[in-house]
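Undergrad: Got a predicted model here, sequence first, then my questions.
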Amino acid sequence: MRRLGLRARLVVAFVLVTVLGAAAAAWSSAGSASAALVTATQARLCESIAGQVGAVAPQLTYPPDQEALDRLRAAVGPDTLVTYRGLRSGTDNGLATGALRAAVRNGDRLVTQRVTAGDRPWLLVGTPVMITAPDGTRTASGIEVYAVRDLTAVEAQIDDLTRSAATTAALALPLALLLALLAAGSVLRPVRTLRDTARRLAAGDLDARSPPRGADELAELTATVNEMAESVQASMAAMRRMQADARRFAADVSHELRTPLSTLTAVVEVLAATTDGMAPDARESAQLAITETHRLVRLVEDLMEVSRFDAGTAHLRVEEVDVAGAVRDCLRARGWLDRVELVAADGVESRVVLRADRRRLDVMVANLVGNALRHGAPPVRVHVRADPAWVWLEVTDGGPGLPEHVLPHVFDRFYKADAARTRTPGSGLGLAIALENARLHGGDVTAGNTGAGGGARFVLRLPREGV
Amino acid sequence: MDILDGVAAILLIEDDPLLRRGLQLALGRHGHDVRTAGAGEEGLRELRADLPDLVVLDLMLPGVDGIEVCRRIRATSEVPVIMLTARGDDFDVVGGLAAGADDYVVKPAQPTVLDARIRAVLRRAAGTADGVRVHGDLRIDTTALTVSLRGGPVALTPTELRLLLTLSRAPGRVFSRQQLLEEVWEHDYLGDSRLVDNCVQRLRAKIEASAANPEYVRTVRGFGYRFGPV
């Protein structure tokens, strides 16, 4: 069963307590009022009967005759039975029980009993008529008076009291509900505020705080949550600062390297043109310097490209590009046309047009194909596939493929699959840059292996309409 | 100067002394006669003293920056300007092109690439002559390489002139930006189409009555540009 919410539980508990309290109070006051009412009525009736009997009794002759009994009965009123040994006056309605009769016969006092007959409450009063001798002693005359009095009116009054008690309790219900809602609201408002704050924090809004009110447990909890948010925010800020510092450092280093590298680039060409006349060791040294300068240039260019991605300053210049044409241009410019096979999948229209940054597409293709040529084995193929929304460029090679443990890291910066072979001609940033470029276009690059031959397969996916 | 022999008088404005010397050596080996200046004002003085065939201008200059230098050069002269910029510095590229630069090369620039660009720019001043073309008020003399509008001469940079010659060679034909980059700028397939757009704007400012409603160099949305027909 689904558990009720805190609010519902609070309201239910509050209403139950209030209504039960109101009902108990009304019920007990109605009860005691009824008891008092019954006692008073009973006493009044008894007193009146005793008075009537007492008024007539001294005038009676003893032993009484039928006429005396009739007189006594008439004095007491209707529904009365007067007996003396065998004589009786009035009707015996059968209400007087044997126990009552015995109590009257053997006692010297008035006795009462309440009974219900014919769905109506009755009060039975029985009293012996006492004779007071001149010396003050009282003896039973043998005359017994039994009277029956209707208690319906009293009962009705009691019913009224009970009803009004129930009404009071019922009236308390909506009031209690209202109060309960208000109370639950005031208790739950800070809880809800705290929940909203926690939700905003979880969503990354680290500025979210809730003002603690009062000095209760909720206020303490709120203060604690605020402290937690504060410290998380501080750590995040520190981390961001360090990351930004590191990125700026990388960008600054790359930038500072650019001018000396420009000089080196300019002069190694002069050097390259003059190596013919050099001694063999000097020529080899010059050639090493030239090669390494070009490598350094590539590395710094890649580093600067990466730092632009990190700084979020990499921008797209989108235009319409014919994919197959762009791939062919890329391969031709790098002299790879005879080492790479360009395949258009069946059913692809002859010209797949894509909205993309021409230079960045060239970089992606060059980096993926360059990676396959360096680390894979022939045949290196580029497949072009397209549907109305996406273009896929699939670069496969015939090499051994990527080991399982390498797959999660192929796009890591400077990741070298083979630790022993650290000096590859690439910058170690090519695949990372390809991925960043793809993401900038709203696409991605995935790495895997071809099913059958086991060669590596990189799939570049780009949206045709650009971002 | 004989362009076909490849000897050009070049003014190199670059603040870093080692790079300045390195580029001077390398361009010298490509057969150019390179003068240098270390700052913008000095470069402008050199320019006034003796007008070179072409200026190679670093955009990151102390004092008067490269874009401002380029603007001041354009104010007085149609001498071709090639900028040296940092890759990814789109702000510089756009600013430099708007200031009237003809082309740009990204640093670190290989002298071979820079030399190719220099020669391509200089070749724009020479062309295959096929007489005089008259289109409306515009008169293009392909032999003398002069342009006049309603009888008055129009001063065009070699790049603007080459663009106009290329477009007006086939009035009504649509040229894509890539085609123009290859024909006018002699760039490879990765040419920057902003070069074309900027040059078209500058050309329109000089020959069109209304740049917003051009009569000669018209935009074909989604494809490129076309000349007339007038």
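TA: Cool, got the structure.
Undergrad: Okay, now the unreliable bits of the chain?
TA: Reading this off chain A. Scanning chain A with the threshold set as pLDDT under 70 gives A:1-3, A:93-96, A:345-350, A:417-425, A:452-453.
Undergrad: My question was about chain B, not that one.
TA: B:1-6, B:87-89, B:127-128.
Undergrad: Excluding residues flanking it in the chain, which one is nearest residue 30?
TA: No chain was given, so I picked chain A. Leaving out its chain neighbours, the residue that sits closest to A:A30 by C-beta to C-beta, 6 or more residues apart in numbering or on different chains is A:A165, at 4.0 Å. For every residue, glycine as well, the C-beta is placed using N, CA and C.
Undergrad: Chain B, not that one
TA: Leaving aside its sequence neighbours, B:H30 sits nearest to B:D115 (C-beta to C-beta, 6+ apart; 4.2 Å).
Undergrad: In this structure the one you found contacts B:L27, no?
TA: Yes. With contact defined as C-beta atoms under 8 Å, B:D115 and B:L27 form a contacting pair (6.6 Å).
Undergrad: just to revisit the earlier point, could you say which helix or strand contains the residue nearest to A:A30?
TA: Element membership of A:A165, judged by DSSP states H and E, is helix A:152-202.
Undergrad: now do A:V300
TA: With DSSP H and E as the criterion, the answer for A:V300 is helix A:280-311.
Undergrad: Would you tell me whether that helix gets close to chain B?
TA: Yes. Using C-beta under 8 Å from any C-beta of the partner chain, we find that helix A:280-311 touches chain B at A:V297, A:E301, A:M304, A:E305, A:R308.
Undergrad: Pipe the residues you listed into CSV and attach neighbour count per row.
TA: Below are the residues of helix A:280-311 next to chain B laid out as CSV (neighbours: other C-beta atoms under 10 Å in any protein chain shown):
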residue, neighbour count
A:V297, 21
A:E301, 21
A:M304, 19
A:E305, 22
A:R308, 19
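Undergrad: which of those lies closest to B:V184?
TA: For B:V184, the nearest member of the residues of helix A:280-311 next to chain B is A:E301. The distance, counting by C-beta to C-beta, is 27.1 Å.
Undergrad: May I ask you to confirm that A:V300 is in contact with A:S254?
TA: Yes. Here A:V300 reaches A:S254: they are 5.3 Å apart, a contact under C-beta under 8 Å.
Undergrad: So which residues of chain B form helices?
TA: Under the criterion DSSP state H, helices of chain B are mapped to B:17-29, B:40-49, B:66-76, B:90-98, B:111-123, B:158-169, B:177-180, B:193-207.
Undergrad: List the buried residues for the last one?
TA: If you call a residue buried by 16 or more other C-beta atoms under 10 Å in any protein chain shown, then helix B:193-207 has these buried ones: B:S193, B:R194, B:L195, B:V196, B:N198, B:C199, B:V200, B:R202, B:L203, B:R204, B:I207.
Undergrad: Surely the last one touches B:L149?
TA: Which is B:I207. Yes. Here B:I207 reaches B:L149: they are 5.7 Å apart, a contact under C-beta under 8 Å.
Undergrad: okay, and the common contacts of those two?
TA: Applying C-beta atoms under 8 Å, 6 or more residues apart in numbering or on different chains, one finds that B:I207 and B:L149 are jointly contacted by B:L138.
Undergrad: Look at A:A326 and give its secondary structure.
TA: Following DSSP: H, G, I helix; E, B strand; the rest coil, A:A326 is assigned to helix.
Undergrad: hey, what's A:E320 bridged with?
TA: Here A:E320 sits in beta bridges with A:R355, going by DSSP bridges.
Undergrad: Could you point out which of the helices of chain B sits nearest A:R138?
TA: That would be helix B:90-98 among the helices of chain B, by C-beta to C-beta, at 129.9 Å.
Undergrad: now for the closest one, which elements pack on it?
TA: Applying 3 or more C-beta pairs under 8 Å, 6 or more residues apart in numbering or on different chains; DSSP states H and E, one finds that helix B:90-98 contacts helix B:66-76, strand B:81-86, strand B:103-107, helix B:193-207.
Undergrad: Restricting to C-alpha, output the first one in CSV.
TA: Coordinates of each C-alpha in helix B:66-76 appear next as CSV, following Å, rounded to 0.1, in the frame of the first residue of the first chain:
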residue,chain,number,x,y,z
GLY,B,66,47.7,45.5,-37.4
ILE,B,67,44.1,46.1,-38.3
GLU,B,68,44.6,49.9,-37.8
VAL,B,69,47.8,49.7,-39.9
CYS,B,70,45.9,47.9,-42.6
ARG,B,71,43.2,50.6,-42.6
ARG,B,72,45.7,53.4,-42.9
ILE,B,73,47.5,51.6,-45.7
ARG,B,74,44.1,51.3,-47.6
ALA,B,75,43.4,54.9,-47.0
THR,B,76,46.2,55.9,-49.3
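Undergrad: any bit of that helix sitting next to chain A?
TA: No. Judged by C-beta under 8 Å from any C-beta, helix B:66-76 stays clear of chain A, getting no closer than 14.4 Å.
Undergrad: got the contact list for the residue of the stretch 51-200 of chain A found nearest chain B?
TA: Using C-beta to the nearest C-beta, the single residue of the stretch 51-200 of chain A nearest to chain B is A:R200, 36.0 Å away. Contacts for A:R200 were tallied using C-beta under 8 Å, 6+ apart; they are A:A208.
Undergrad: For chain B, see how far away A:L303 is.
TA: To chain B, A:L303 is 12 Å away according to C-beta to the nearest C-beta, to the nearest Å.
Undergrad: Could you look up the SS state of the closest residue in space to that residue that isn't next to it in sequence?
TA: Using C-beta to C-beta, 6+ apart and skipping residues adjacent in sequence, the residue nearest A:L303 is A:S254, 4.6 Å away. Recorded secondary structure, A:S254: helix (three-state DSSP).
Undergrad: gap between A:S254 and A:H383?
TA: 35 Å (C-beta to C-beta, to the nearest Å).
Undergrad: For burial, what's the neighbour tally of residue 132?
TA: In the absence of a named chain, chain A is used. By other C-beta atoms under 10 Å in any protein chain shown, the residues close to A:T132 number 12.
Undergrad: Oops, wrong one, chain B.
TA: Using other C-beta under 10 Å, the number of residues around B:V132 comes to 12.
Undergrad: cool, B:L54 as well?
TA: Look at B:L54: counted by other C-beta under 10 Å, it has 25 neighbours.
Undergrad: Also the one 5 residues further on?
TA: The number of residues packed around B:L59, counting by other C-beta under 10 Å, is 24.
Undergrad: Now it. Nearest residue, chain neighbours left out?
TA: Excluding the flanking residues, the one nearest B:L59 by C-beta to C-beta, 6+ apart is B:G66, at 3.4 Å.
Undergrad: Could you chop chain B up by domain?
TA: Taking automatic domain parsing as the domain assignment, the record places the domains of chain B at B:3-123, B:132-227.
Undergrad: Kindly reformat those as CSV containing distance to A:V321.
TA: Shown next, in CSV, are the domains of chain B (distance: least, C-beta to C-beta, whole Å):
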stretch, distance to A:V321
domain B:3-123, 19
domain B:132-227, 10
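Undergrad: show me what contacts the residue nearest to A:L303?
TA: A:S254 neighbours (C-beta under 8 Å, 6+ apart): A:V300, A:L303, A:M304, A:S307.
Undergrad: If we only consider the residues you listed, which is nearest to A:L81?
TA: A:S307 (120.0 Å).
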